[in-house]
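**Student:** need a 3D model of the following:
(2 chains)
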Amino acid sequence: GESVGLHLPTLSVQEGDNSIINCAYSNSASDYFIWYKQESGKGPQFIIDIRSNMDKRQGQRVTVLLNKTVKHLSLQIAATQPGDSAVYFCAENPGDFQKLVFGTGTRLLVSP
Amino acid sequence: KAGVTQTPRYLIKTRGQQVTLSCSPISGHRSVSWYQQTPGQGLQFLFEYFSETQRNKGNFPGRFSGRQFSNSRSEMNVSTLELGDSALYLCASSFRDLGTEAFFGQGTRLTVV
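**Tutor:** Below is the predicted model:
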């Protein structure tokens, strides 16, 4: 069935470090992927997206990498700040209109 | 531009009751999707509406239903509430009907007692 999984449930980093959050997806037909950040008590916040015809996309302090061969997605956050502490979800669009399949989430803890 | 607005933010209901949650999408967005978020199951897709038509439905019982109005606002209804329906219900809106950014509201926290 459809599943999007994460390798690490919790990632602890020091302020200023670069963070890498990984995600595996199972549906090879998926052509659109999104990373979300969710802070306590809030809804998921859109961070960055990537389509399957790209391998890499950069935003402000964030980079998403897509490896379709091994069905792997990663989110890199440069110079991680305490405000980046949150749960990060990857989401996959398997082509069912706007349906998103979410990963289990990785909690990022940033220490000052 | 205002974001996705969900009302109410918090709700406490008794088992067996029904509940209606509301979602107002970003202006101009015609697609509205609903998700249930629980600690055990994570974020799970409920259904999606586009131009008042349900385009897709997740694996939830028929007690979960929804609709979309001509102004793109959407409601979801849960009948005969069960304890396991306690969750954060999230609404997301998108401009188009396939593979574009989906923006979420703050959610409605439903507690069933």
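
**Student:** state the distance from the most centrally placed residue in chain B to chain A.
**Tutor:** Central residue of chain B (CA atoms, centre = their mean): B:Trp34, 3.3 Å from the mean position. Separation of B:Trp34 from chain A (CB to the nearest CB, to the nearest Å) stands at 11 Å. Heads up, the C-betas are built off the backbone N, CA and C, glycines and all.

**Student:** share the number of residues neighbouring A:Tyr36, please.
**Tutor:** Neighbour count for A:Tyr36, taken as other CB atoms under 10 Å in any protein chain shown: 27.

**Student:** which stretches in chain A count as strands?
**Tutor:** A:4-5, A:10-14, A:19-25, A:32-38, A:45-51, A:56-58, A:62-67, A:72-77, A:86-93, A:101-102, A:106-111 (DSSP state E).

**Student:** apart from its neighbours in sequence, what residue is nearest the residue nearest to the centre of chain B?
**Tutor:** B:Leu46 (4.1 Å; CB to CB, 6 or more residues apart in numbering or on different chains).

**Student:** which strand or helix spans the one you found?
**Tutor:** For B:Leu46, the element it lies in under DSSP states H and E is strand B:42-50.

**Student:** tell me where the chain is predicted with low confidence.
**Tutor:** No chain in the question, so chain A it is. Along chain A, segments meeting pLDDT under 70 span A:1-8.

**Student:** my bad, chain B
**Tutor:** Applying pLDDT under 70 to chain B flags residues B:1, B:97-98.

**Student:** the closest residue to B:Gln44 other than its chain neighbours: neighbour count?
**Tutor:** With CB to CB, 6+ apart as the criterion, B:Gln44 has its nearest non-adjacent residue at 5.1 Å, and that residue is B:Gln36. When neighbours are counted by other CB under 10 Å, B:Gln36 registers 23.
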